[in-house]
Every structure is written in C-alpha cells, then in structure tokens.
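> Fold the following.
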Amino acid sequence: MQTSDIQEMFKFLSEKSQNIISSFSADGVFTYVSPTVTALLGYRPEEVIGKPATAFNHPDDNMLLGKFRDSAVTDQGTLRFTGRVRHKNGEYRWYETTVEYIRDPYGDIVQKIGVGRDITDRKIAEETISHLAYHDALTGLPNRRSFGSRADRHLEESGARHGLMLLDLDGFKSVNDTYGHQVGDLLLAEAANRLKRTVEDKGFAARWGGDEFTVFRAAVENRAELDSLAARIRDAISEPYRVAGQTLRVTACIGVSLFPEDGESLEALIRNADAGMYRAKNETKNRL
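So this is what the prediction gives:
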C-alpha cells in the first residue's frame, strides 16, 4: 500500500471516529486533528493545527504533561495521559489520550499520533463516589472515616499541640419529634454550616453521627484557645434557626480534649471529649 493510500485511510478513519484523532510534531505541535474536534470541543481543525497541545490543556496539567513526555524512554512506543482540555466555550473537559510514538532508526521521536477520548462523565462519577466515601451526604462535612484519617495525620506531627471537640445538639430530638425528620435534617445542615464557618481554616469539623459532630483544631497554643473556640461554637449554634417557616432553637453541649495532655491517641482524645460532653449535658439538665 502506497503512502498516499495510508494517509487517505487514516483520514477516513479519523473522520468516522467518535474520538479526537490527532498527530503532533516531535515538539508537541498539532500537525493534524480530526474534524470531530468541532463537535466535541467546538474548534475548527484549522484553529488547532499549528498550535502546541499545551495551549489547550489546563495550566495545572501541563506540568504533568511535561513529566509524561520525559517518561517516554527510547524504546517505548505507547503512553496514556489523562488531563483537562479546554472547550472553545471556556469549560474544561477530561480527556484520556493514548499517544503512539513514531521514531526514526536512532530512536528519536519524529511524530506522535494521539487518540483522545472524552471521559468527563466518568471522572464526575468517580469524584462523586470518592466524595461520598469521605463526606456526609446530608451536611457535606467530612464523615467519621475522613475525620479519623485527617486527625491521625496531625497527631503524628511531633511537638505540636492539637485540640479535639465532641459536641451534640441539645434539643434536637424535640425538633425531630415535633416537626419531623425533614425539618430536623434542614436544621442539621444549617448547624453544620455554622460549625464549619466558626472553625474556619485552622481546623475542620465532621459529622460523627446523628446530631453529634467533631471538631479538630490543629496547632493550638493552649487550652484557653480551645475553650475560646468552644464558646464561639456554642454562640453560633444557639442562634435561632428559621426552618420551614418555623423558628427553632437548639444548643451545643461540647466536650474538649487536648493533645497530648488528655491523650496521645485519637481514641483517647475522643473518649475524654465524650466524657466532657456528657458532663456538659448533665450540667445543662441540672440548671433546668
């Protein structure tokens, strides 16, 4: 088969493909792109040919692309790269591109053939599954599993003092019993938002289960700093909630523990904070 016949066959196949088929020069400049680029990414082929692939990639992915290229050893023929490609409308789509290297007799790359497949829907599904594995579906906060792994990483840092809190919403059961679980869920979600805003960026909050939450505060100076945060959380949680046309009120009972004074493991800190939370609940009941 003559070279012209091969080129015609390549053009025919690329035009019929549902993927984007392209060729690049050794330095990564497009020398050909299939017409499917218009339907999939909004560009006419002439808007792509002659430009480097890096001009269409997400900036954060170009560093990875550089490492990807550097990893191509002399005798390697095929590599696969996953990254974000900019649509003409400005949005980014995830593409998985298989690249075939055409080399001369000395092993130098003279041309690259790429087949790009849009995997955006798959990536979104993967990210959703990953998020749900580590976050609470109702509040969006990290779940118990995520809290444990993140807290353990902080506790492994030598020389740092960290704070942990365990809290529940006093009065929440009454809201659920009176107005139903749907209203209770809305209240929980708003309480979680207040908690997250109050903790800010020096720590993180998580849903422990039911109406219980945990807070981890990294690198605190002393117990007074932790007690001050607990007071701010109580104030934020106790502000009235306007939910489903109802004005509702709950308060936070909080137990506090300090690493390493109150325990050198996450389990010990949770146990001490749990005891403190129940002391706070009993003190509240005794005042009623």
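> And the strands in the stretch 151-288 of the chain, which stretches?
162-170, 203-209, 212-217, 241-243, 246-248, 251-259 (DSSP state E, counting those that start in this stretch).
> ok, and what's touching the third one?
Same thing as strand 212-217. Strand 212-217 is contacted by residues 141, 144, 147, 150-151, 154, 162-168, 191-192, 195, 199, 202-208, 225-226, 229, 233, 270, 273 when judged by Cβ atoms under 8 Å, 6 or more residues apart in numbering. From N, CA and C alone the C-beta is placed, and that goes for glycine too.
> Could you tell me the per-residue confidence at residue 280?
On pLDDT, residue 280 comes in at 88.
> correct me, but it touches residue 256?
No - here residue 280 does not reach residue 256: they are 9.3 Å apart, not a contact under Cβ atoms under 8 Å.
> Show the subsequent helix or strand relative to the helix or strand of the chain with the lowest mean pLDDT.
In the chain, no helix or strand scores lower on mean pLDDT, DSSP states H and E than helix 3-16, which sits at a mean of 58. Next helix or strand after helix 3-16 toward the C-terminus (DSSP states H and E): strand 20-25.
> how about that next one: buried residues?
By 16 or more other Cβ atoms under 10 Å, the buried positions in strand 20-25 come out as 20, 21, 22, 23, 24.
> do the same with stretch 50-68
53, 56, 57, 61, 65, 68.
> Pick out whichever of these sits closest to residue 45.
Nearest to residue 45 out of those is residue 56 (Cβ to Cβ; 12.9 Å).
> Please determine how far that closest one is located from residue 81.
13 Å (Cβ to Cβ, to the nearest Å).
> what's the first-to-last distance across stretch 209-223?
End-to-end span of stretch 209-223 (Cα to Cα, to the nearest Å): 26 Å.
> Quick one: mean pLDDT over that stretch.
Taken as a whole, stretch 209-223 has a mean pLDDT of 93.
> Turn the strands of the stretch 151-288 of the chain into JSON lines, columns for distance to residue 124 and mean neighbour count.
Formatted as JSON lines, the strands of the stretch 151-288 of the chain follow (distance: least, Cβ to Cβ, whole Å; neighbours: other Cβ atoms under 10 Å):
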{"stretch": "strand 162-170", "distance to residue 124": "33", "mean neighbour count": "24"}
{"stretch": "strand 203-209", "distance to residue 124": "24", "mean neighbour count": "22"}
{"stretch": "strand 212-217", "distance to residue 124": "29", "mean neighbour count": "24"}
{"stretch": "strand 241-243", "distance to residue 124": "31", "mean neighbour count": "15"}
{"stretch": "strand 246-248", "distance to residue 124": "35", "mean neighbour count": "14"}
{"stretch": "strand 251-259", "distance to residue 124": "36", "mean neighbour count": "22"}
